[in-house]
Every structure is written in C-alpha cells, then in structure tokens.
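> Here's my sequence, what's the structure:
(one chain, ligands or ions: 2)
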Amino acid sequence: MRTRIEALAAIIDIAAPMAPEAVSLGAAHGRVLAVPIHARITQPPAAVSAMDGYAVRQCDANLGNSLRVIGEAPAGRPFTGALGLGEAVRIFTGSVVPRGADHVVIQEDTMRDGDQITVTASQPEPSNIRAAGIDFREGDLLLPAGRLLGAAELAIAAAANHAEVRAYPRPRIAVMANGDELRPPGSALAEGEIICSTPFALEALITSWGGEFVDLGIAPDDPAAIRARIQAADGVDVIIPLGGASVGDHDHMQAAFAEEGLEPVFSKVKLKPGKPTWFGKLHNTYVLGLPGNPASALVCAQLFLKPLIWQLTGRAGNDALVWRRARLTGPLEPPGSRETFLRGAAETEKDGRLTCTPAINQDSSLLRPFLTADLLIHRPANAPAAPEGSIVDCLMIR
Ligand SMILES: Nc1nc2c(c(=O)[nH]1)N[C@H]1C(S)=C(S)[C@@H](COP(=O)(O)OP(=O)(O)OC[C@H]3O[C@@H](n4cnc5c(N)ncnc54)[C@H](O)[C@@H]3O)O[C@H]1N2
Ligand code: MOO
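Ligands and ions are numbered 1, 2, ... in the order given. Below is the predicted model of the structure:
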C-alpha cells in the first residue's frame, strides 16, 4: 500500500501539462494562464480627473475667486490648449487634465455664471487628479503564468489591452458514480436506496479548480454497464470512478477499468479516510478512483484530484496543497497506523494565529461536518495523542 506522499508523487510524476492555446478573453474565465500578461499600455494613459468639475491651478482657486472658463474637456476629447492663471476648463470624471492644471474643483464647490465660475469652498491642496499609470505602466508584469483567471484577472487583462490570452485548456473531468443503491436527488426512495450526492460536490470543486465537469451518471453494480460508461467517456482527460473500489463482492470498478486496458499505478493508499483511492492511466486518460464514502471522496479530491488538475494546467501539483499550522482547541486520540485527516473548523485569534477544532464525529459517511470544515487536521501515521494546545499541520480547504 502506498503512503499518501508516495501516491501523490506518482500522480505528479505521470501527469503532464496540457498544450496551451490562444483563447479570447470572453472564453478565458476559469482557465489557467500559460504565458504571463504584461501591460501593453499605461493605465490611466494620462493624468485624468477623478471628479466632475473644473480643472484649475490650485493656487488660483481661493475661496471667493472668479475664474474664466476657457473650454471643455469631455471624456475622450481632451482640451488641446494650456491653462493659465485666472482660467478654468470644464472637466468630467475620466477626462484628461489640461496642461497647466494641477487641481480639479468639484462642481459642488463652484457657482457658474456664463463663462465665469466662483469658488465657493476653500481648496486647501491640489486634489482630484489621478496621475498617469497609477494602476499600471506599460511593461509591468500583471499576471504570472499559473494564475487562475477570475473576475479581477480578466478585467486587468482587458484593461492592459489584451484581447486574448494563452491559457491551458480546462481539463475535462468525468465523474462516474457507482452503486445499485444510488438514486438522483428528488427520487422517491425504495428500501435500501440512498441519494447520490458526491458528484455535486465534485462538480463544484472541479470547476473552482479550473477543470470542466463531465457527468457520467450512476453506473449500476454491473461490470458491463461500467465498461459501457468508460467507453462513452472517450476523449475526456480524467475519469473519476466513485466507489466500488473496496473488497466487497459488488466492488467492480478497478476490474472493469482493467478489462478496458488500465495501466494501474497504485490501488490503495495508507490513509484515513481514503484507503480505497486508486490511480492509473487508460490510454490518454488519467483515472483517479475515489472511495464511495462521501467524506472520504471529498477529502481525497483535495489530496489528489486538486494536485492532478494543477499538474494538467501547468502548475506544480504540490502547490495545490495549502498548509498552515494551527493550535488544537481540544485533545486528539492517537490516529492509528494510517495517516489521518480530520475535518476541522478554523478560527483566527486576535493575534492572527489560527486555531482548529475537529468535528466531533469523523465517520467517513458524514457530510454535515463539511459544512463547518475550513481545514483538514493532519495526523501522521502512528502519531501519539495530541493534547489541547498542540500545534498541528492543517490542509486548508476553504
Ligand atoms: N472489509 C472491508 N470493508 C471495507 C474496507 C476494507 O478495507 N475492508 N474499506 C472501507 C473503506 S475505508 C471505505 S472508504 C469504503 C469504501 O468502499 P468503496 O469505495 O468500495 O465504496 P462503496 O462500497 O461503493 O460505497 C461506500 C458507501 O458510500 C456510499 N456511496 C457510494 N457512492 C456514493 C455517492 N455517489 N453518493 C453518496 N453515497 C455514495 C455507498 O452507498 C456506501 O454506503 O469501504 C469500506 N469497507
Ligand atoms: O478509507 Mo475509508 O475512506 O476510511 O472510510
């Protein structure tokens, strides 16, 4: 049986990045950048007004002074002349500030009469002007390769004048639930049946990690039906068979994949929860089998699927795992011979330090502890009991 570290190393060793491609910004959301983005322009390109009002010389804008309005600078049509003493230019938010001006009097601080304005409030210092380049300057590195493109990244790429980016394709990740007892949500359940829940969580995780979810539905406990679904998934990058991995008479998953030509890499991990996690390659498709127990599947998705997606999208798989140290708010029993991850809630104390509180019941069938789980408390195999106040390593999952 592999240790978790060995299993993860095997995944990282095998999983190669996909070929990057050019994508329009509109299609780039949720993808991972393959080539860094540098600013093609300076933003703002020139000093601009932050308010609607009048561009002036601040030394000229004493309370009660009158100034002559010599022109207008609407956004997009800069005033071409220069501004002298005793003069003002009507200006709007985002308009280029005319030469000679160092201050914008907001229009609420003026009274206008024809081409004259009177300053009605004191203007103690030059203000309301945004300097050229306060957001970024031409040539600045804005987004490094490996960055997941979300709202902020897309807006800045657009502002930096990039109509398209080079990004990795979203790996297509097909999830196949398995079990005669499973029914979709909304079903009337017969005796012995339960609702198939895990794929909904996996869809959300896969999407948030930069993958594209493909639903292979619920396969019955029948090798032929499982093989038909494997064949239907042709062309996806990863298949995630859920459950059917253990030693029971109806656990057919690994055998069905073997019949299809799977090259196995590992078939079990010395881990709690998650012992029946397995991995292999089927032609060009990675196959990551997750345990049927929902909590085990979701913990192992964090431990193995997230790094696999990182690898496929050009990021180091190990960087997918974000570790922090936290102080236990209560004691923990020795974990036993399998490396263990406990779902826990995090709190940040006044001094900024993190505490963790494990969920009371860590049974691997339970979903409710995930509602309050921010992290997974790490317990090395054969570790001694941990008293309250011990510092433990935690894997952040939120
Ligand atoms: N004799 C042994 N029994 C078990 C062992 C073992 O080593 N020896 N391992 C246990 C461990 S650890 C786990 S974890 C489970 C997982 O086994 P499988 O991966 O084969 O999972 P299943 O038997 O198919 O299902 C387990 C459990 O989870 C429910 N399930 C499955 N899929 C879903 C789904 N999509 N949504 C919601 N719930 C699901 C299923 O109904 C079962 O209750 O095996 C232990 N047994
Ligand atoms: O390894 Mo199982 O995942 O403990 O319940």
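> can you pull out the helices in this protein?
4-14, 151-159, 198-208, 223-232, 253-260, 294-300, 306-312, 368-371 (DSSP state H).
> Please convert the ones you listed to TSV, extending it with mean pLDDT and mean neighbour count.
From N, CA and C alone the C-beta is placed, and that goes for glycine too. Putting the helices of the chain into TSV (pLDDT from 0 to 100; neighbours: other Cβ atoms under 10 Å) gives the following:
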stretch	mean pLDDT	mean neighbour count
helix 4-14	98	16
helix 151-159	98	15
helix 198-208	98	18
helix 223-232	95	16
helix 253-260	94	19
helix 294-300	98	26
helix 306-312	98	24
helix 368-371	96	13
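> In CSV: those, plus distance to residue 244.
Output for the helices of the chain, formatted as CSV (distance: least, Cβ to Cβ, whole Å):
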stretch, distance to residue 244
helix 4-14, 19
helix 151-159, 39
helix 198-208, 13
helix 223-232, 8
helix 253-260, 4
helix 294-300, 12
helix 306-312, 20
helix 368-371, 22
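> Quick one: closest of these to residue 240.
helix 198-208 (6.6 Å; Cβ to Cβ).
> Help me see whether the closest one makes contact with ligand 1, please.
Yes - using Cβ under 6 Å from any ligand atom, we find that helix 198-208 touches ligand 1 at residue 198.
> Show residues contacting that helix.
Helix 198-208 has contacts (Cβ atoms under 8 Å, 6 or more residues apart in numbering) with 30, 173, 175, 177, 185, 212-213, 215, 240, 242, 290, 294, 297-298, 301-302, 305-306, 309, 370.
> residues in the stretch 251-398 of the chain within reach of ligand 1, list them.
So the stretch 251-398 of the chain meets ligand 1 at 251, 273, 275, 276, 291, 292, 293, 294, 296, 364 (Cβ under 6 Å from any ligand atom).
> which residue packs closest to the first one, ignoring adjacent ones?
Looking back up the chat, that one is residue 251. residue 244 (4.7 Å; Cβ to Cβ, 6 or more residues apart in numbering).
> Assess the claim that that neighbour and residue 252 are in contact.
Yes - using Cβ atoms under 8 Å, residue 244 is in contact with residue 252, at 5.5 Å.
> what do these two both touch?
Common neighbours of residue 244 and residue 252 (Cβ under 8 Å, 6+ apart) are 178, 221, 226.
> Save those as TSV, and put in distance to ligand 1 too.
Below are those laid out as TSV (distance: Cβ to the nearest ligand atom, whole Å):
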residue	distance to ligand 1
178	6
221	8
226	12
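> got the contact list for residue 273?
Here residue 273 is in contact with 291, 293, 295, 296, 299, 300, 341, 362, 364 (Cβ under 8 Å, 6+ apart).
> about what we covered before: tell me which of the helices of the chain lies nearest to ligand 2.
Each of the helices of the chain was scored for nearness to ligand 2 using Cβ to the nearest ligand atom, and the closest is helix 294-300 (2.9 Å).
> list the helices and strands the closest one packs on?
Judged by 3 or more Cβ pairs under 8 Å, 6 or more residues apart in numbering; DSSP states H and E, helix 294-300 is in contact with helix 198-208, strand 339-348, helix 368-371.
> The longest one close to ligand 2?
No - interface with ligand 2: helix 198-208 contributes nothing (Cβ under 6 Å from any ligand atom), its closest point being 12.2 Å away.
> how distant is that helix from the center of its chain?
Offset of helix 198-208 from its chain centre (Cα atoms, centre = their mean, to the nearest Å): 13 Å.
> returning to what we had before: got a quick PyMOL command for the buried subset of the contacts of helix 198-208?
To isolate the buried members of those in PyMOL, using 16 or more other Cβ atoms under 10 Å:
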select buried, resi 30+173+175+177+212+213+240+242+290+294+297+298+301+302+305+306+309
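> Quick check: strands, which of the contacts of helix 198-208 are part of them?
173, 175, 177, 212, 213, 215, 240 (DSSP state E).
> Which ones, among those residues, also lie beside ligand 1?
Applying Cβ under 6 Å from any ligand atom to the ones in strands among the contacts of helix 198-208, those adjacent to ligand 1 are residue 177.
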